[in-house]
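Visitor: Below are the sequence and a predicted model; questions follow.
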Amino acid sequence: MKKLYLQTYGCQMNQYDSERIARVMSRMDYEQTDCIESADLVLLNTCSVRDKAEQKVYSALGRWKELKERQRQVIIGVGGCVAQQEGANLLRRLPHLDLVFGTHNIPKLPEMIEQVQASRARAVEIAFYRDPSYMEDPDGRIHVDGAKAFVTIMQGCNKVCSFCIVPHVRGREVSRPSANIIAEIESLVDQGVKEVMLLGQNVNSYGKTQPRELSFAELLKCVDAIKGLERIRFTTSHPQDLSPELIEAFATLDKLCEHLHLPVQSGSDSVLLRMRRGYTRDEYFARIERLRNRCPNVALSTDIIVGFPDETDSEFADTLEMLKQVEYDEIFSFVYSPRPQTVSAKIYDDNVDGEIKKDRLKEVQNLQREISLRKNRERIGNVEEILVDGKSRLKNGQMMGRTRSNRIVNLTGEETWLGCLLPVRIVGATANSLLGEIVKAEHVSGFQSEGEVA
Ligand code: SAM
């Protein structure tokens, strides 16, 4: 077997793509290694959503120059969003690089590697495809370990948010055929998967660009009907596409977890307009009120950008106000970063002072920490179901899992619990996680546990 060293930067979509890269390469007899020195093939799967992520790519690639000088035979490649954005420029800029493959070109990797091996000629593939078949694995069967799996349902984005590079590096929306998605999830469930995360840049507009395809809410209904599956999650959604049918799905589908990530970006109408988000603060709020009416337990998370061009103190104050009004369970917050090809980078100066941006980020995060801590503390005493999915990052000997509302719970437990759905009593809380204790299954009325409990 040959050795593949694969490093991933960025979001869950990139992690999923890396899993695909590993599968495609295993068909060429490559197995993954953690040791870069012993690798025959070194690949970096990249993200360019913010400048910081892109700079990380260049530093990693810079370090790999020495590797190539020591081992001339090693093949070094870059994939993902930076590869898509820069294409052949990367080869010009980095002479030690052998190949560059874009976000739609993972199935081309074997051919590209053979080309490099045969002629030592460098290879670039960054074409976009409208036909969704590029999202399928060649042998159509995915092998997994563990109880959780990602499933891509669509790629690309047709929205025109002025700050966002995604449509430029992931292309226009393309949805995978629902029959393939359902067959893939059935096969995952046969292999022991209990929870699927449906992935896409804009999952709730699933199906819109494919004639006669199911809507996202209809797809969720079909996935919910798959026997043996326990939990469904999805990310990321756009507020414009939070339809009444999707809200109804949260109220009626047992397996759909009570958590929605719905990026708001700003609480100021004037900033939302400059961002070209297509909704006002009141429209966003009305939608989540409708959702909360139908599904009162739903947890909400969001993304916030601070320091968007021309953002005034009063516009920023509107964002703080929005956080207080909605009371999100979790937020991901970012400092605005102008991205190549985007409208905001072309028409606005990045004119909010760096120190002000940092202060605003800190203020948003401090406020949210208070809200998250309060909301987490309210759960103390509850019994919640968790899917145990790893060892705790906090303490040796502790395990961790997630509630249906996507909260992390750390608990004293055993590795044999991995992959089990277990009832836990919440006994402590911080802003970022909960502390739990296992509950004997028979003490929890109506609770179906498959795991061995203490
Ligand atoms: N589909 C999502 C949406 O509704 O906007 C976009 C997902 S993007 C990969 C993740 C987050 O990165 C965005 O929600 C946004 O908060 C942040 N982001 C995107 N572009 C950015 C930029 N130019 N500067 C700072 N943050 C950015």
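Guide: In hand now; what should we look at?

Visitor: what about Gly390, how many residues close to it?
Guide: Using other CB atoms under 10 Å, Gly390 is surrounded by 14 other residues. C-betas here are computed from N, CA, C, even on glycine.

Visitor: host element of it?
Guide: For Gly390, the host element (DSSP states H and E) is strand 383-391.

Visitor: Show me what that strand pairs with in its sheet, parallel or antiparallel.
Guide: Strand pairing for strand 383-391, using DSSP bridges, gives strand 398-403 (antiparallel), strand 421-429 (antiparallel).

Visitor: of all those strands, which lies closest to the ligand?
Guide: For the strands paired with strand 383-391, proximity to the ligand was assessed by CB to the nearest ligand atom; strand 398-403 is nearest, at 20.1 Å.

Visitor: List the buried residues in whichever helix or strand comes after that closest one.
Guide: Going down the chain from strand 398-403, the next helix or strand is strand 408-412, by DSSP H and E. Buried positions in strand 408-412, judged by neighbour count with 16 or more other CB atoms under 10 Å: 408-411.

Visitor: ok and the residue in the stretch 351-454 of the chain nearest the ligand?
Guide: Relative to the ligand, the nearest point of the stretch 351-454 of the chain is Lys357 (10.1 Å; CB to the nearest ligand atom).

Visitor: Which residues are in contact with that residue?
Guide: Shown in contact with Lys357 (CB atoms under 8 Å, 6 or more residues apart in numbering): 306-307, 335-336.

Visitor: where's it, which helix or strand?
Guide: Going by DSSP H and E, Lys357 is part of helix 354-377.

Visitor: What residues sit buried inside that helix?
Guide: Result for helix 354-377 [16+ other CB under 10 Å]: buried residues 357, 360-361, 363-364, 368, 371-372, 375-376.

Visitor: Equivalent analysis for stretch 30-48, please.
Guide: Residues of stretch 30-48 classed as buried: 30, 33, 39-48 (neighbour count, 16+ other CB under 10 Å).

Visitor: got the residues of the protein near the ligand?
Guide: Contact residues, the chain versus the ligand (CB under 6 Å from any ligand atom): 11, 49-50, 161, 163-164, 166, 201-202, 236, 238, 263, 265, 303, 305, 334, 336-337, 339.

Visitor: just checking, which of those residues belong to helices?
Guide: Among the residues of the chain next to the ligand, the members falling in helices (DSSP state H) are Val166.

Visitor: Which members of the residues of the chain next to the ligand are classed as buried?
Guide: Counted by 16+ other CB under 10 Å, the residues of the chain next to the ligand give 11, 49-50, 161, 163-164, 166, 201-202, 236, 238, 263, 265, 305, 334, 336-337, 339 as buried.

Visitor: Show the contacting residues for Gly397.
Guide: With CB under 8 Å, 6+ apart, Gly397 has these contacts: Thr412.

Visitor: The same query, at a cut-off of 10 Å, please.
Guide: By CB atoms under 10 Å, 6 or more residues apart in numbering, Gly397 lies in contact with 391, 412-415.

Visitor: Quick check: of those, which has the highest neighbour count?
Guide: Greatest neighbour count in the contacts of Gly397, by other CB under 10 Å, goes to Gly413: 26 neighbours.

Visitor: What sits closest to that one if chain neighbours are left out?
Guide: Spatially, and ignoring its direct neighbours in sequence, Gly413 is nearest to Met399 (3.9 Å; CB to CB, 6 or more residues apart in numbering).

Visitor: same deal with Cys295?
Guide: Phe250 (4.1 Å).

Visitor: Gly381 now?
Guide: According to CB to CB, 6+ apart, the nearest residue to Gly381 is Ile426 (6.6 Å).

Visitor: from memory that neighbour sits against Glu385, does it?
Guide: No: the pair Ile426 / Glu385 is not scored as a contact, 11.5 Å apart, by CB atoms under 10 Å.

Visitor: and the residue of the stretch 301-450 of the chain nearest the ligand?
Guide: For the stretch 301-450 of the chain, CB to the nearest ligand atom, closest residue to the ligand: Asp303, 3.3 Å.

Visitor: picking that back up, Serialize the buried residues of helix 354-377 to JSON lines and add fields for pLDDT.
Guide: Output for those, formatted as JSON lines (pLDDT from 0 to 100):
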{"residue": "Lys357", "pLDDT": "98"}
{"residue": "Arg360", "pLDDT": "98"}
{"residue": "Leu361", "pLDDT": "98"}
{"residue": "Glu363", "pLDDT": "98"}
{"residue": "Val364", "pLDDT": "98"}
{"residue": "Gln368", "pLDDT": "98"}
{"residue": "Ile371", "pLDDT": "98"}
{"residue": "Ser372", "pLDDT": "98"}
{"residue": "Lys375", "pLDDT": "98"}
{"residue": "Asn376", "pLDDT": "98"}
